[in-house]
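A.B. asks: Generate coordinates for the sequence data below:
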Amino acid sequence: MSVDRAVALYQEASRIPAIVSGSISCHSKSAQEKKPYTVTSCWSQRDLQRMESIKSLRQHQIITDAEGIATSCIGFPTESKGELLRRVSPSGKLTAVVRKLTNKNGEEKQYIDVWNSQQKILAVDVAAVEKTGKIYEDEQFGCLEWSASEKKLMFVAEKKQPKSSSYFGIKSSKDDEENDNDGKGNEYVYLEDWGEQLVSKHLPTLCVLDIESGGINVVEGVPDDISPGQALWAPNDRDIVFIGWANDPYRLGLRFCPIRSSKLYHLKVQEKTVETLSDGNQAVSNPRFNIDMSKLIYLRNCEGGPHMQCSQLFMYDWNTKETKTVVKIQDRPKKSEFPGLYLTTLPRRCWASDNKRIYTHSIWRSCREIVEINIETEVVRKVTSFGSSKIGTEWSKYSAWTVLDVSDDLILAACAAPNLPQRLVIGKLCDIKWNYLDEEHLTLSDFKFEIKNYTPKEKDSFDFEAILLTPENDTSERKLPLIALPHGGPHSTLVADYMLYPSTFCRLGFAVLLINYRGSLGFGNDFILSLPGNVGCNDVKDCKQAIDQTIQDGIADGDNVVLQGGSHGGFLVCHLIGQYPNDFKACVARNPVTNMASKMGATDIPDWGYTESGLSFSHSRLPSSEVYAAMFEKSPLFHVDKVKTPTMIMIGNADKRVPPQQGYEYAKALKAREVEVRVLTYPDDNHSLAKTNYEADAFINMFKWFVDHL
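C.D. replies: From the prediction side, this is the model:
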């Protein structure tokens, strides 16, 4: 286990690309015996020489006929520099691209380019138009939508603010003085944002680019007390349907929190009036029209509570104005039953041409599967199935599926497993027979994985799972050193997907245990609701049980167990070294929650501490001494006097979700008790610690910390 080998393996693994998006387009709309399509996919890849993540585009030619599908690759991947958004027009004849570039003066600028099949026909400097701020490219608000006429392009951008100036500035002219009056004294006015990874998002606004004139217009009529996003053109190709999040009384972090108060709106553009289409005080997202624009589906969650929950699928009938529930919450499904919908983003195009069926992916216990949902019968059918003989061994080996696009009854998807990096596949609806788009592919044959099941000792409790990765070609009979890795959230899931860190650690000779404790997604809503009020207890017990069982099974060496976790996973590994001080050789915590009480006033999600402590939250509630005490008693810091395990803490200093002070507070407490501790700070990274240079540095430091203490 040398550092040089770790560096070499990490460099090799970092070159494996990951799918970002994919789309199907067809220039010909006429019925043909053989119909041609183009698949365009965008991939991200780490470049350790430039220490940045790069994106590339690939294209494949698809020919469909009665016999099936023929695929061929067109050329080589092409690096796509600065591309933020890309959208092909409904006819397939135009493509719009939003790009971020740095000019000769070092200024970062955004451009909208429109291309036909031969040339760029429009280029717009967004800042030069002086109508908006920067265009939003995030999944939360961002969109890039062609009108059916292909004469307009809609997007979301930051509202342009009046120029601010000092009361003591030099007056250059009378005109400037008059123009600056509104902005004087406003240089340092605080603007609320939408939290972690959305820090530049203050005042989103809907905008429309006129393709013929190149002009940008800000859409009027959206109420000032909501933030619009995820917009679509209405069936008349003039009005707009969008999601609006409530700004008042103050904003809570949106990223990974689809439980914020929001509604589905219909904006009548000419009248400048807004109609609410969704019911009650709920949290809605991801509106998707069917092919004939008669039905509109969307996801709905309860407002508040655990930040990720089982979602409902609703449908609004545009003609009758009636709303119905298509997919209900699944409370306590059996192991083989549909566990409910767990996803933050529906595929942008997900409808079959019959206007009755949609296709999406969803977490299904420790896997991610594709499901078909019939809007009329409300029946959910599992399309893919890890480990099932019904779909054949070639396809049942994949445990992580992602729907990328559905068009003209073709479905484009990516499939993967912990030892099988992502592959692009395509098939015809309904009885899908998958076809690979690339013949050559990497298989990591030097390790294997299995999904383990555990039953807690408590009466009437829920079974939970973990994914165990072990080296395949280890001929020695030695027991393996074990890395136990619980996920963050706590309401998320470690899906059996290809992951850089776990796979590379396994290839370096570790067994890796990815623990989906009670409270994880994909097992039913009651499974999620069993954790709030029991954090620091049930989740910790589950982690310890999974670790102990791996040791008892003779796979792992009980004297060489180390821990790694981030966010709530960091919370758990810090709990484990406090509650079981003699059981672990080393610990690495990335942006860990260590003191729920002190976190509350500095995070973008203060409701998290209340919810996970089993308490109710309201915007106006102030914590009492009893609330602080309850939170502290559930925190890792409560057990710090017992800690002996050498601990390394990794901190992103731009983290708005878990304030950096959480890590520093815990490190100081360990130092004061003479426990070996090392702190790494990454100056301008956020909660994910995903910047290429920091991610690489963190991996090698983590590896060395483990090896040095085994």
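A.B. asks: For Asn534, which three-state class applies?
C.D. replies: The three-state label given to Asn534 by DSSP: H, G, I helix; E, B strand; the rest coil is coil.
A.B. asks: residues contacting it?
C.D. replies: Counting by Cβ atoms under 8 Å, 6 or more residues apart in numbering, Asn534 touches Gly614. Yep, even glycine has a C-beta here, placed from its N, CA and C like the rest.
A.B. asks: Equivalent analysis for the one 5 residues further on, please.
C.D. replies: Applying Cβ under 8 Å, 6+ apart, we find Asp539 in contact with 486, 490, 517-519, 531, 568, 572.
A.B. asks: Mind checking what helix or strand follows the lowest-mean-pLDDT helix or strand in the chain in sequence?
C.D. replies: Ranked by mean pLDDT, DSSP states H and E, the weakest helix or strand in the chain is helix 174-180, scoring a mean of 53. Using DSSP states H and E, the helix or strand that follows helix 174-180 in sequence is strand 204-210.
A.B. asks: Against which helices or strands is that following strand packed?
C.D. replies: strand 132-135, strand 152-159, strand 216-218, strand 226-233 (3 or more Cβ pairs under 8 Å, 6 or more residues apart in numbering; DSSP states H and E).
A.B. asks: Show me the contact partners of that strand.
C.D. replies: Around strand 204-210, the neighbours that count as contacts under Cβ under 8 Å, 6+ apart are 112, 124, 131-132, 135-136, 141, 151-159, 215-219, 222, 227-229, 231, 240, 242, 267.
A.B. asks: quick one: low-confidence ranges for the stretch 451-600 of the chain?
C.D. replies: The stretch 451-600 of the chain contains residues with pLDDT under 70 at 474-476.
A.B. asks: Oops, could you answer that again for the chain instead?
C.D. replies: 27-32, 171-182, 474-476.
A.B. asks: helices and strands around the longest helix along it, which ones?
C.D. replies: In the chain, ranked by residue count with DSSP state H as the criterion, the top helix is helix 692-709. Secondary-structure packing of helix 692-709 (3+ Cβ pairs under 8 Å, 6+ apart): helix 3-14, strand 35-47, strand 52-65, helix 500-507, strand 556-566, strand 586-590, strand 647-652, strand 677-682.
A.B. asks: And that helix, what's buried?
C.D. replies: Across helix 692-709, burial judged by 16 or more other Cβ atoms under 10 Å covers 692, 694-699, 701-703, 705-707, 709.
A.B. asks: Stretch 266-273 now?
C.D. replies: In terms of neighbour count (16+ other Cβ under 10 Å), stretch 266-273 has its buried residues at 266-267, 269.
A.B. asks: circling back to that earlier point, tell me which of the contacts of Asp539 fall in strands.
C.D. replies: If you go by DSSP state E, the contacts of Asp539 have Pro486 in strands.
A.B. asks: neighbour-wise, which of the contacts of Asp539 leads?
C.D. replies: Within the contacts of Asp539, most neighbours by other Cβ atoms under 10 Å means Pro486, with 32 neighbours.
A.B. asks: List the contacts of it.
C.D. replies: Counting by Cβ under 8 Å, 6+ apart, Pro486 touches 515, 517, 539, 543, 565, 568-569, 572-573.
A.B. asks: Out of the residues you listed, which is nearest to Val189?
C.D. replies: Distances from Val189 to the contacts of Pro486, taken as Cβ to Cβ, are shortest for His568 (34.4 Å).
A.B. asks: Going by neighbour count, which residues of stretch 565-585 are buried?
C.D. replies: Neighbour-count burial for stretch 565-585 flags 565-580, 583-585 (criterion: 16+ other Cβ under 10 Å).
A.B. asks: and which of the buried residues of helix 692-709 is nearest Leu252?
C.D. replies: Nearest to Leu252 among the buried residues of helix 692-709, with distances taken as Cβ to Cβ, is Tyr694, at 26.7 Å.
A.B. asks: Can you tell me the closest non-neighbouring residue to that closest one?
C.D. replies: Distances taken as Cβ to Cβ, 6 or more residues apart in numbering place Tyr682 nearest to Tyr694, at 4.4 Å, with adjacent residues excluded.
A.B. asks: Can you get me a residue count around that neighbour?
C.D. replies: Counted with other Cβ under 10 Å, residues neighbouring Tyr682 total 22.
A.B. asks: Report the contact partners of it.
C.D. replies: Listed by Cβ under 8 Å, 6+ apart, the contact set of Tyr682 reads 650-653, 689, 691, 694, 697-698.
A.B. asks: could you pull out the helices for the stretch 301-450 of the chain?
C.D. replies: 393-396 (DSSP state H, counting those that start in this stretch).
A.B. asks: Run a quick neighbour tally on the spatially closest residue to Asp463 that is not a sequence neighbour.
C.D. replies: In space, Asp463 comes closest to Thr455 once its chain neighbours are excluded; the distance is 5.2 Å by Cβ to Cβ, 6+ apart. Using other Cβ under 10 Å, Thr455 has 10 neighbouring residues.
A.B. asks: pretty sure Thr455 is touching Ser461, no?
C.D. replies: Yes: Thr455 is in contact with Ser461 according to Cβ atoms under 8 Å; the separation is 7.4 Å.
A.B. asks: circling back: return the subset of the buried residues of stretch 266-273 lying in helices.
C.D. replies: Among these, no member falls in helices (criterion: DSSP H).
A.B. asks: Closest one of the residues you listed to Tyr167?
C.D. replies: Nearest to Tyr167 among these, with distances taken as Cβ to Cβ, is Leu267, at 38.6 Å.
A.B. asks: Just grab the bridge partners of the closest one for me.
C.D. replies: Counting by DSSP bridges, Leu267 forms beta bridges with Ile240, Val274.
A.B. asks: please renumber so the chain begins at 362
C.D. replies: Okay, residue one is now 362; in that scheme the one you just asked about reads as Leu628.
A.B. asks: Check the contact between Pro451 and Glu506; I expect there is one.
C.D. replies: No: with contact defined as Cβ under 8 Å, Pro451 does not count as touching Glu506 (10.1 Å).
A.B. asks: the strands in the stretch 662-811 of the chain, which residues?
C.D. replies: Along the stretch 662-811 of the chain, the segments classed as strands by DSSP state E, counting those that start in this stretch run 673-678, 684-688, 718-725, 728-735, 741-743, 761-768, 771-778, 781-789, 796-797, 808-815.
A.B. asks: And the contacts of the fifth one?
C.D. replies: Contacting residues not belonging to strand 741-743 are listed as 688, 699, 725, 730-735 [Cβ under 8 Å, 6+ apart].
A.B. asks: returning to that earlier point: quick one, which of Pro451 and Glu506 is more surrounded?
C.D. replies: Neighbours were counted for Pro451 and for Glu506 using other Cβ under 10 Å; Glu506 has more, 18 against 14.
A.B. asks: On the three-state scheme, the more buried one is what?
C.D. replies: Three-state assignment for Glu506 (three-state DSSP): strand.
A.B. asks: Surely it is in contact with Ala595?
C.D. replies: No: Glu506 is not in contact with Ala595 according to Cβ under 8 Å; the separation is 11.0 Å.
A.B. asks: and Pro523, how many residues sit next to it?
C.D. replies: 12.
A.B. asks: In contact with the closest residue to it other than its chain neighbours: list those residues for me.
C.D. replies: The spatially closest residue to Pro523, leaving aside those adjacent along the chain, is Gly544, at 4.5 Å (Cβ to Cβ, 6+ apart). By Cβ under 8 Å, 6+ apart, the contact set of Gly544 is 523-526.
A.B. asks: now do Thr456
C.D. replies: Thr456 makes contact with 447-450, 475-476 under the criterion Cβ under 8 Å, 6+ apart.
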